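Chemist: Predicted coordinates and the sequence they were generated for:
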2 protein chains.
Amino acid sequence: MSTEISTLGEFGLIKHLTEHIETINPETSYGIGDDCAVLNYSNEKDLLVTTDLLMEGVHFDLTYMPLKHLGYKAAMVNLSDIYAMGGMPKQITVSLALSKRFSVEDMEDFYAGLRLACDAHQVDIVGGDTTSSRTGLAISITAIGEVEKGKAIYRNGAKETDLICVTGDLGAAYMGFQLLEREKEVYYNQIETAKTDAERMAISQPDFSGREYLLERQMKPEARRDIILQLREAGIQPTSMMDISDGLSSELIHICTQSHCGCRIYEERIPIDYQTAVMAEEMNMNLTTAALNGGEDYELLFTVPIADHDKVEQLKDVKLIGHITKESLGCALITRDSAEFTLKAQGWEALKEK
Amino acid sequence: MSTEISTLGEFGLIKHLTEHIETINPETSYGIGDDCAVLNYSNEKDLLVTTDLLMEGVHFDLTYMPLKHLGYKAAMVNLSDIYAMGGMPKQITVSLALSKRFSVEDMEDFYAGLRLACDAHQVDIVGGDTTSSRTGLAISITAIGEVEKGKAIYRNGAKETDLICVTGDLGAAYMGFQLLEREKEVYYNQIETAKTDAERMAISQPDFSGREYLLERQMKPEARRDIILQLREAGIQPTSMMDISDGLSSELIHICTQSHCGCRIYEERIPIDYQTAVMAEEMNMNLTTAALNGGEDYELLFTVPIADHDKVEQLKDVKLIGHITKESLGCALITRDSAEFTLKAQGWEALKEK
C-alpha cells in the first residue's frame, strides 16, 4: 500500500496523522489544532509554544531573499503565532541545517536579522544549534510565550453576530512575491541571452521604486505585537483569533469550522494598499483573489462580540470586514455588486502551483 | 569576505554566532550552552526546552533505518536532553519536511514510532506540522519538560574529588552503525555485480544474529528516565550531568571545561557490552576508541560528591569510571597498563569522515 500524500494534501495529512492523538499530562491544556499549544505549568500564566520548519526552495528563495531578511522573517513568522493566541513571546530556539555553500559571514547575516527581530519584540534566543545539510538550508524555530491564565484566544470561540476584524492590509506580501518572481525570470532570461561580457555587464538590477511596500511586506513582515497591546489596553477579549499566513479565506474557514459557524465578509471592506492594487492591475490579476488567498501577510484576524463594536472602531489599523453567522449559512464574500461568493480555502500553496 | 564554516567547525560556529547573545526576560533562567534552556514561568518548577533538527543523509540513512524506528529515535534523542538536566519530559512538538517520494503510509509508520516513544515516557505530542521538502526528509522536534525549582543539573557544577559516573554501556550504537554501513556496502556491491535476474534474486539479506544488541542500540536507543527516577529515590543530586550523544570524551571535556576542572577516568572501568567488543575485534577497530568517541549512546554522564559514593554504588546500571581533578591536570584516560592518555573531543562527526 502506498498512498500519495497529495491525495490528502498537507492539511489533510497532518489531520490524518494527529487526529487520534490524546494528551495525558495535566500540564497540557491544548495540543494540536491552533496557532500554538497551550501548556499549564503555572497558576498565573498559560504557556504558549509554536514551531515552524522552513525549507529552502519551498518557503524561501535565496536568489532574492538576503539572509539577514530571512533571519528576521523566520523569527517573525513564529512570533506572529504567539500573538495570534493573544500572548507575548519571550523566547525562541533556533536550529539551522547548512550545506557547504554557506559561509560564516552568511550565518552572521542570518543571526543579525534574527536578533533584530528578537530585540524589537523583547524576545530571548535561548537555544541555537547548527548541523549539516546535504542540500539546501533548513530553519527550525520554536517560540515560547505567555498569556494570562485562561485568556488564550483560540480559533473555536467565534459566536453568531460576532464582528470580524483584520489588521493592516492584505495581499501585499503576495504581490511582492509575484513581483520578485517576475524580475527573477527577467534577470535569468537576460543572462541566458547575453552573448558577450559587455552585454552581461549591461544587465541592470530591477527597478523597484514605487513598489517598496510590496517588497517590505514579502521580505520584512512585522508581527502585530502592537495590536495585542491595544486590545489589552481597550479591555477587548476577542472570541477567536489567528494570524493570516495562508490567506484570509483559508483562515476564516478555519475559524468558522472550529467554531461551528458561518460568516459574511464584504469585498469593499477588505483593506488593500494602493501599491497592491496597482501591481495586481499591472499583472492582470484579480485583486480580491490576491487579498483573500495570497497569504504571508502575518496580520491578525479576530472576532469580537457585537457589544465591543464601538471599542473596536477606536483601534488603530484594525478594520471591521464582516460578521459571524449561523453555521448553515456557510462562509461567503459579498461582492461590491452584492453577489454572494462562497469562500474557498485555496491557500498559498495552491496559488503557487498555477 | 567568505570564511568556510569548516574553519570553525560546528561547535565553533554556534559558539561564534551566539556568544554575545544576552537575555533580557526574567522568564529566561539559562539560555544557550547546555542540553536544555531553563525557563522560569512558575514558582514551583523550572521549565526545560530543547530542540533538534535531523536531516536525511546526515543524521539518518533510510536505506537501513525503518521510518518507525526513525520516529522512535527522533523522539528519544530529545527526551534524553530533558533527562540530562535531571528533568521529566512532558510534551513534544514535531515538524516534518517531506519530499514527494514519501507516502501517507510512510508517515503513519513514522508517527507510530513517535507515539510508541511518547507513550513509554508519558509525553504528549502537542504540535505536529508537515511541509514540503525539495529533497530529503527533515525532522525537527522540540521537547518540553520540568524539574523541581532550582534542581536543574547543568554541565558546569562538577567539583574536584567528585566521582564520575556513566549509565549503561558505551560504543554499541557506534558499532551498530559500522555494521550497518558495512552490510549496506556489501549489498550494493552484490547488486552491482549481479548480471542476471537469477543472480539478483539470490542476493541475501545480511544475517545479524548475535549482533541484535548493536542494531538495537543504533536504531532504538532508550532515553534513561529510569536513572532520573533512581537518583531522585536515592536522594542524589548530581553536581553536573549531560547525555552522551557525541561520545564520552567529548562530553567529559564539555563538563570539565564548563566546570573549570580536569578529570581522570579508567579504561578498565568503561562499561562495554560483549557484542561491542566482538564487533570491534572483527572490524579491527580499537574498542576503547569506539567507546570514548563513538557517540549516539544516549546514556547519562554525571558527577556526584564523593560523600555519595555508597549511594551511587547501589544504583542499577550505573558505573563509577573516575573522578574530577583540579583544572591544571587536564582530562585524561588511565589505560590498563597505567599510561596516561589525554582525552580529545573527537566526536562522531570526525570519526564519520575517516
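Modeler: The structure has been received and is ready for your questions.

Chemist: Tell me where the model's unsure across chain A.
Modeler: Within chain A, the stretches with pLDDT under 70 are A:346-354.

Chemist: remind me, longest helix of it?
Modeler: helix A:172-193 (DSSP state H).

Chemist: Give the buried residues for it.
Modeler: For helix A:172-193, burial by neighbour count (16 or more other Cβ atoms under 10 Å in any protein chain shown) applies to A:172-180, A:183, A:187. Any C-beta I mention is one placed from the backbone N, CA and C, and that applies to glycine too.

Chemist: Stretch A:202-212 too?
Modeler: If you call a residue buried by 16+ other Cβ under 10 Å, then stretch A:202-212 has these buried ones: A:R211.

Chemist: who touches that stretch?
Modeler: Contacts of stretch A:202-212 with the rest of the structure, by Cβ atoms under 8 Å, 6 or more residues apart in numbering or on different chains, involve A:176, A:179, A:183, A:186-187, A:190-191, A:194, A:215, A:275, A:278-279.

Chemist: that older thread, following the longest helix of chain A in sequence, what is the next regular element?
Modeler: The helix or strand immediately downstream of helix A:172-193 is helix A:197-201, counting by DSSP states H and E.

Chemist: Report the buried residues of the following helix or strand past that next one.
Modeler: Remark: after helix A:197-201, the chain's next helix or strand is helix A:212-219, criterion DSSP H and E. The neighbour-count check on helix A:212-219 (16+ other Cβ under 10 Å) flags A:213-219 as buried.

Chemist: out of those, who's nearest chain B?
Modeler: Checking those against chain B by Cβ to the nearest Cβ gives A:Q218 as the nearest, at 18.6 Å.

Chemist: Distance of the closest one relative to A:V186?
Modeler: Distance of A:Q218 to A:V186, given as Cβ to Cβ, to the nearest Å: 17 Å.

Chemist: Could you work out the end-to-end span of stretch A:211-227 for me?
Modeler: Start-to-end span of stretch A:211-227 (Cα to Cα, to the nearest Å) is 25 Å.

Chemist: What is the longest helix of chain A packed up against?
Modeler: Helices and strands touching helix A:172-193, by 3 or more Cβ pairs under 8 Å, 6 or more residues apart in numbering or on different chains; DSSP states H and E, are helix A:212-219, helix A:274-282, helix A:287-293.

Chemist: Off-centre distance for the shortest one?
Modeler: Taking Cα atoms, centre = their mean, to the nearest Å, one finds helix A:287-293 lying 15 Å from the centre of the chain it belongs to.

Chemist: ok, now stretch A:108-120?
Modeler: The chain centroid and the centroid of stretch A:108-120 are separated by 19 Å, computed with Cα atoms, centre = their mean.

Chemist: cool, and stretch A:145-158?
Modeler: Put simply, stretch A:145-158 sits 18 Å off its chain's centre (Cα atoms, centre = their mean).

Chemist: can you tell me the distance between the two ends of it?
Modeler: 23 Å.

Chemist: touching chain B at all, it?
Modeler: Yes: applying Cβ under 8 Å from any Cβ of the partner chain, one finds that stretch A:145-158 is in contact with chain B at A:E146.

Chemist: any idea which residue sits dead centre in chain A?
Modeler: The residue lying closest to the centre of chain A (Cα atoms, centre = their mean) is A:S245, at 2.3 Å.

Chemist: any idea how far that residue lies from A:E296?
Modeler: Distance, A:S245 to A:E296, by Cβ to Cβ: 6 Å.

Chemist: From the centre of chain A, give me the residue that's furthest out.
Modeler: Extreme point of chain A relative to centroid (Cα atoms, centre = their mean) is A:T196; 43.3 Å.

Chemist: With distance to A:Y266 as new columns, can the helices and strands packed on helix A:172-193 be given to me in JSON lines?
Modeler: JSON lines is the format used below for the helices and strands packed on helix A:172-193 (distance: least, Cβ to Cβ, whole Å):
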{"stretch": "helix A:212-219", "distance to A:Y266": "23"}
{"stretch": "helix A:274-282", "distance to A:Y266": "17"}
{"stretch": "helix A:287-293", "distance to A:Y266": "11"}
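
Chemist: Could you give the separation of stretch A:240-257 from the chain centroid?
Modeler: 10 Å.

Chemist: buried sites along that stretch?
Modeler: By 16+ other Cβ under 10 Å, the buried positions in stretch A:240-257 come out as A:240-256.

Chemist: Restricted to helices, list those.
Modeler: Short answer: those in helices (DSSP H) are A:248-256.

Chemist: who's in contact with A:S133?
Modeler: By Cβ under 8 Å, 6+ apart, the residues touching A:S133 are A:97-99, B:55, B:58.
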